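J.: Quick one, structure for this:
(chains A and B)
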Amino acid sequence: MAEKPVSNFSSGEKPTWDLYSKCVHCGLCLDQCPTYRALGTEMDSPRGRIYQMVLVDQGRLALADSFVTHIDRCLGCLNCQTACPSGVPYGSLLERARSQIEENYPRSWLQRKVRSHFYGTVLPSFGKLARHAKLVRFYQRSGLQGLARGSGLLKLLGVAELDALSPRIESDFSFADLGRVYPAEGAQRGRVALLIGCISSVAFAELNRATIRVLTRNGIEVHVPQSQSCCGALHLHAGYIEQSRTLARHNIDAMLKPEFDAIVTNAAGCGSTMKEYAALLEHDPQYAKRAQEFVVKVRDISEYLAQVGLVEPAHKLKARVTYQDPCHLAHAQGIRSAPRQLLKFIGAEVVESPRADSCCGSAGVYNVTQNEISMKILDEKMGYIASVEPEIVATANVGCMLQYAAGIKRKGMNARVVHVVELLDEAY
Amino acid sequence: MPVNLPGLVEHLREIAGRDAVLDRPEDLMLYEYDAGIRKSTPGAVVFPQNTEQVSQIMRLATALNVAVVARGAGTGLSGGSIPQAGGLVIAFSRMNRILEVDVENQRATVRPGVVNLQLSEHVSHLGLYFAPDPSSQKACTIGGNVAENSGGPHTLMHGVTVNHVTGVEVVMPSGEIVHFGGKAAESYGYDLTGFMVGSEGTVGIVTAITVKLLRKPEKIATLLGVFESVDDAALTVSAITAAGITPAALEMLDGWTLRTVEAFCHAGYPLDAGAVLLIELEGLREAVEEQAIAVREVCLSQKAREVRRAKDDDERALLWKGRKMAFAALGRVTPSYYTQDGVVPRSQIPAVMRHIGNVAKKYDLTIGNIFHAGDGNLHPLILFDMRNAEQFERVLSASSEILEFCIQCGGSITGEHGVGLEKRDLMSRLFTEEDLDVMISLRNAFNGRDILNPQKIFPTPRMCREITGPSQNPVLMQEGL
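T.: A predicted model of the protein is given here:
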């Protein structure tokens, strides 16, 4: 065998032999990967991405443009992880590859500035996030946004990501709820801490309120712990592992209290990251144990409600609903039946579309940074959805909701897009 | 290795489109592997979208004398889609439409890039399915199935791919587009459709395939026979067929393998068993019920500890998940494995299983066994770590000894994975020089300049050409990996 090759990864967190050698390149992941299905190229398949990590680690491939392009193109949907019989920890490999890219790959000056400002300054602080959100709200409502998007200026400046991360900002933010306690209605059956989320708080505050209503009407006391922060999912997926650790510690301090039965979120992405806290902090002597305790308590809202059981709804929902699994619920957390159970319980006629658990192409900011691929993925997905002629498309993650709304418009369909919690809110 | 033929890449772009050709080393490295163990880097990859483009590509390749290999999903295990170093890969991932479903005649016509399972899913609502079901069916393409004449668990009853293909559209090396067969069940004249299936891409490039669609059976029963030893399970295989029962599928997993697989699929395989048989019966309701009782009796009379029956579709799916994912699930316990594909007469299964056990001891290797017991098609999986070159030598020796034994038993070296690169040197053990010469003459009649998938199937070097391709030493070929 040749001399031991020199890795093109730097020391620190990187894809390692122990992780990537689990891949036996059988290829069973290929047809489950949205980018492989859209592009048909091995570089854009899970097996190919892992192989590129191997090549970089072996010094055969530079940590340069080509590698970054294909790793950037990954949605992080983890459909491949479900398909993989070998148990390749793809999510972890991806996070490490992205961390290496952040560390070693020179993005443009402006991109770096924007990314570090956004991930480093805005997201971790709810105060700063609120101030930015107000600016964005002005930008959206004044017509500036249409102008900027239409002109291609955003892409040119490399700030398309920021623009994408600004769905329509609501006039009231969830931050006002911080520190509040909402008492259970009727006999109390539980007490939970609710994560309001960073982006959700400014763009989906109404969904957070609906979540609180559904919980309280089902006999659950809801606390919105004062000092909680962003869960760190966006950081982790973008390669800022250390920052996500800081946020994880922060949330453990804020929400790991013996009086809470569960720590609940309505965002699949946040839930999956919070369930990763133990792995994230396993080498932190101070937090490792508490992170494990934290993870045990984390519940997606549908998981929690299915577990405690819903009370009889006030109104039965009479509608044909198709449920589309968010990747970070189905593939990252293995939660598939709970949302469907809840929908059936409130009377919905749940119709299964083909490939309900395949990615919609939203993936956080992906639909703007990789717009063309994202739309290709979405169009395939909308074909499946249209085939079952639903009146309502229900999902359980805000990013997916925005994407499906766009998909329905593109397809000229007549259906509304909701979060499962919103339907529950209508029923209670 | 870059293609140093001026103009090839430019011409390819003119034919297939600018974004349909890869020629940068960092992209080409991703086409140096399949699901097996051989590696060799192409000089260019092209993604045609229609037959006309394939025709133009072949005309160009012939004119420039460039070696060509077709690639589906790269899930093969014999190196069939591994390119010649510096050669051209025609990748069919963008030629993946189902062209026609003819319900009345139970036929579908598909492009080669259609994924095997997608076809069955596509026609499921019509009560139909495509029978060949290789374990990689979630990803492998029908084009690849045709090239390798793929099998699968259910080919025990329904036959391998060749029994399900009634017509093909083929692009010849000259670029000529020809059609063999059609929708009719029987062909007339030479059976060139049958000849194309299993030709491993050495005589033409298939660009459309007409296949049979079977009607889903009225009733399916899936049984799991649990045995204390591999020997007992192996003897049961012959006993079942001797009792006049032809199961749709009859699969065996040895104890070591089922324990490894169970960790992944939680199918409820008994962890302390020596071996299990997975037996599926299908047909009319009454017949299936009768057979299920008979199979249970045979198993118990052959010292089965117990026989379970899947209660519903979910349980059935779980049992099959364990079987179908078994190969790849071994990635949990080993960085690499080498899969063999030997065939023995059913009656020799107990003997060959004992032989494999001895070989494992002799070479100090772990060998798992999963196989299509009903067909006598073995899949010994030899575990190794590619960082250990000495161990890999032992793997190759062990593998040869197993296949030698298969040949001695009156069997063969491949059941369904194809000869490809990995078993070509064993062909001279199965065939005489004269046999091989006839085969090569036949290949040359289609592919006289040997530009289509050169160096596959036939032992090298042989009469007609010098070998200019990659090194024959797999350890060198996968240097560093």
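J.: so where's the chain uncertain?
T.: Looking at chain A here, since you left the chain open. Within chain A, the segments meeting pLDDT under 70 span A:1-5, A:143-167.
J.: Actually, chain B is the one I wanted.
T.: Counting by pLDDT under 70, chain B contains low-confidence ranges at B:1-5, B:461-481.
J.: residue contacts, the residue in it positioned nearest to chain A?
T.: Using C-beta to the nearest C-beta, the closest approach of chain B to chain A is made by B:Gly331 at 2.7 Å. From N, CA and C alone the C-beta is placed, and that goes for glycine too. Counting by C-beta atoms under 8 Å, 6 or more residues apart in numbering or on different chains, B:Gly331 touches A:22-24, A:26, A:85-88.
J.: Which of the residues you listed fall in strands?
T.: Counting by DSSP state E, these place none of their members in strands.
J.: for the most centrally placed residue in chain A, phi and psi?
T.: In chain A, the residue lying closest to the centroid (C-alpha atoms, centre = their mean) is A:Gly269, at 2.8 Å. With angles defined as degrees, to the nearest 10, A:Gly269 sits at phi -60, psi -40.
J.: go on, the one 3 residues further on?
T.: Recorded main-chain torsions at A:Ser272 are phi -70, psi -40, according to degrees, to the nearest 10.
J.: Which residues are in contact with the nearest residue to it once chain neighbours are set aside?
T.: Closest residue to A:Ser272 apart from its sequence neighbours, by C-beta to C-beta, 6 or more residues apart in numbering or on different chains: A:Ala332 at 3.7 Å. Contacts for A:Ala332 (C-beta under 8 Å, 6+ apart) come out as A:78, A:81, A:91, A:268, A:272, A:275.
J.: how close does the closest residue to the third one other than its chain neighbours get to A:Asn251?
T.: In space, A:Gly91 comes closest to A:Leu78 once its chain neighbours are excluded; the distance is 5.5 Å by C-beta to C-beta, 6+ apart. A:Leu78 sits 22 Å away from A:Asn251 when distances are taken as C-beta to C-beta, to the nearest Å.
J.: and residue 351, how many neighbours?
T.: In the absence of a named chain, chain A is used. 16 (other C-beta atoms under 10 Å in any protein chain shown).
J.: Switch to chain B, please.
T.: Going by other C-beta under 10 Å, the residues that sit close to B:Ala351 add up to 16.
J.: who are the neighbours of the helix or strand where it lies, in terms of helices and strands?
T.: Following DSSP states H and E, one finds B:Ala351 within helix B:349-362. Under the contact criterion of 3 or more C-beta pairs under 8 Å, 6 or more residues apart in numbering or on different chains; DSSP states H and E, helix B:349-362 touches helix B:230-242, strand B:367-372, strand B:377-384, helix B:389-408.
J.: re earlier: quick check: of the contacts of A:Ala332, which has the highest neighbour count?
T.: Neighbour-wise, these (other C-beta under 10 Å) top out at A:Ala268, 29 neighbours.
J.: what about that one, distance to A:Leu194?
T.: Noted for A:Ala268: a distance of 15 Å to A:Leu194, by C-beta to C-beta.
J.: same thing with B:Arg394?
T.: Counting by C-beta to C-beta, the gap from B:Arg394 to A:Leu194 is 59 Å.
J.: Secondary structure class of the residue nearest to A:Ser272, three-state.
T.: Classification of A:Ala332 using DSSP: H, G, I helix; E, B strand; the rest coil returns coil.
J.: quick one, what contacts B:Glu306?
T.: So B:Glu306 contacts B:225-226 (C-beta under 8 Å, 6+ apart).
J.: mind running it again at 10 Å?
T.: B:224-227, B:270, B:273, B:296, B:299-300 (C-beta atoms under 10 Å, 6 or more residues apart in numbering or on different chains).
J.: what's the answer for A:Glu312, then?
T.: Neighbour list for A:Glu312: A:345-346, A:427-428 [criterion: C-beta under 10 Å, 6+ apart].
J.: what's the burial count for the residue of the stretch 251-400 of chain A found nearest chain B?
T.: Using C-beta to the nearest C-beta, the single residue of the stretch 251-400 of chain A nearest to chain B is A:Pro354, 7.1 Å away. A:Pro354 has 14 neighbouring residues, counting by other C-beta under 10 Å.
J.: next one: phi and psi at it?
T.: phi -60, psi 150.
J.: Go ahead and confirm it touches B:Glu121.
T.: Yes - with contact defined as C-beta atoms under 10 Å, A:Pro354 counts as touching B:Glu121 (7.1 Å).
J.: quick one on the thing from earlier: now, the contacts of A:Glu312 that are in helices?
T.: The helices, defined by DSSP state H, take in A:345, A:427 from the contacts of A:Glu312.
J.: Go through the contacts of A:Glu312 and name the one nearest B:Thr246.
T.: B:Thr246 lies nearest to A:Phe345 out of the contacts of A:Glu312, by C-beta to C-beta, at 46.3 Å.
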